[in-house]
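1. Predicted model, plus sequence, below.
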Amino acid sequence: MRWHYKDIEYDSIDRSKVQDKDFLFYLITSASFIEITSDVYEKNLATFYQDNPEVVQWLEKVWEPEELQHGKALKKYVQTVWSDFDWEEAYDKFRQEYLPHCTLDEFQPTKAKEMLARMVVETGTSTFYRAIERFSQDLNEPILAQISHNISKDEIYHYDTFYETYKHYNATEKLGKNEIVKVIYDRLKMVDGEDGRIAYKAIYETLHDTPFEDRYYEEHKRKVSKFAKKYYPYNMAIKMLLRPLNLNKTVEKASVPLIRGALKILGI
Ligand SMILES: [Fe+2]
Ligand SMILES: [Fe+2]
């Protein structure tokens, strides 16, 4: 591993810089839940790619430990800054509701297509942590900046490995540009899917005695989109999403504003 969360100086965090940032608490806690549940995804992916021992080995020995470390690093951050919050209780609630959604049915129909979907997910995570890094720099909170920087780099590395695997399978599948766009677009629509809502609900119910209502989550999403407008690296996301299309530089440049508009319509 390129870094270890145990080397991070959590004790040196100036909690006053972040403690009152409610939406950040929800964002980071939700991310910790999803990352720490990567073992389930790893097993599903390993089953899907069982004909390819090299991929399975990388998933088991590299991808899963790195994703789990992301979860542990964020969990420790939450427990350090928001120490009254019962992370374990909220995570139990999350896991119960989330696990039935993690099935092979959610996978794409072919191996190259599933790799494209994984690239969209890694684009989402690498850019999300880049945004958190920028935000932490603005807050002058170097520990969160360091954690999110490390995680973002790992996610880019995952993207690159999935891209190589995609190319391997696409040498046989030979997907057309329209098919590639469709997989990317369909997976993008899922970015705003159930996982974020389930995580928010589990956190909310751990903190409050009153029942969760969807409007609370909608309000949270409005805050996140305001945050994204300022900190989200749109161009980085677009470049990563367009890469499998192998466009020449002129076409790629021309596509950027179009895709940027589409991402905004999708609320990303
Ligand atoms: Fe991750
Ligand atoms: Fe990743």
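-> Received the coordinates, thanks. Residues are numbered from 1 along each chain as shown. Ligands and ions are numbered 1, 2, ... in the order given.

2. what secondary structure does Lys182 sit in?
-> On the three-state scheme (DSSP: H, G, I helix; E, B strand; the rest coil), Lys182 is labelled helix.

3. quick one: contacts for it?
-> Residues counted as contacts of Lys182 (C-beta atoms under 8 Å, 6 or more residues apart in numbering): none. Quick note: C-beta positions are derived from backbone N, CA and C, even for glycine.

4. please redo it, this time with the cut-off set to 10 Å
-> Lys182 sits next to 113, 116, 175-176 when contact means C-beta atoms under 10 Å, 6 or more residues apart in numbering.

5. Find me the pLDDT at it, would you?
-> We have a pLDDT of 91 for Lys182.

6. if we can go back for a sec, lowest-confidence one in the contacts of Lys182?
-> Lowest pLDDT among the contacts of Lys182: Gly176, with 93.

7. Just read off the phi/psi values of that one.
-> Phi and psi for Gly176, reported as degrees, to the nearest 10, are phi -80, psi 170.

8. That one - how many residues pack around it?
-> For Gly176, the neighbour count with other C-beta atoms under 10 Å is 8.

9. And Lys167, by the same measure?
-> Lys167: 13 surrounding residues under other C-beta under 10 Å.

10. Is ligand 1 within reach of the host helix or strand of it?
-> In this assignment (DSSP states H and E), Lys167 forms part of helix 142-173. No - using C-beta under 5 Å from the ion, helix 142-173 never reaches ligand 1; the gap is at least 5.6 Å.

11. and that helix, what other elements does it pack with?
-> helix 22-36, helix 53-58, helix 64-81, helix 111-139, helix 177-189, helix 234-242 (3 or more C-beta pairs under 10 Å, 6 or more residues apart in numbering; DSSP states H and E).

12. Go again with 6 Å.
-> For helix 142-173, the packing partners by 3 or more C-beta pairs under 6 Å, 6 or more residues apart in numbering; DSSP states H and E come out as helix 64-81, helix 111-139.

13. mind putting the ones you listed in CSV, distance to Lys6 and mean neighbour count included?
-> Formatted as CSV, the helices and strands packed on helix 142-173 follow (distance: least, C-beta to C-beta, whole Å; neighbours: other C-beta atoms under 10 Å):
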stretch, distance to Lys6, mean neighbour count
helix 64-81, 9, 20
helix 111-139, 19, 21
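
14. So what's the residue count around the closest residue to Val55 other than its chain neighbours?
-> Excluding the flanking residues, the one nearest Val55 by C-beta to C-beta, 6 or more residues apart in numbering is Tyr49, at 4.4 Å. Tyr49 is flanked by 19 other residues according to other C-beta under 10 Å.

15. Likewise for Lys43?
-> For Lys43, the count of nearby residues is 15 (other C-beta under 10 Å).

16. Any residues of this protein in contact with ligand 1? List them.
-> Residues of the chain lying near ligand 1 (C-beta under 5 Å from the ion): 35, 67, 70.

17. Closest to Asp14 out of those?
-> Asp14 has its nearest neighbour among the residues of the chain next to ligand 1 in His70, at 22.7 Å by C-beta to C-beta.

18. correct me, but the closest one touches Glu35?
-> Yes - contact criterion C-beta atoms under 6 Å: His70 and Glu35 qualify, at 4.1 Å.
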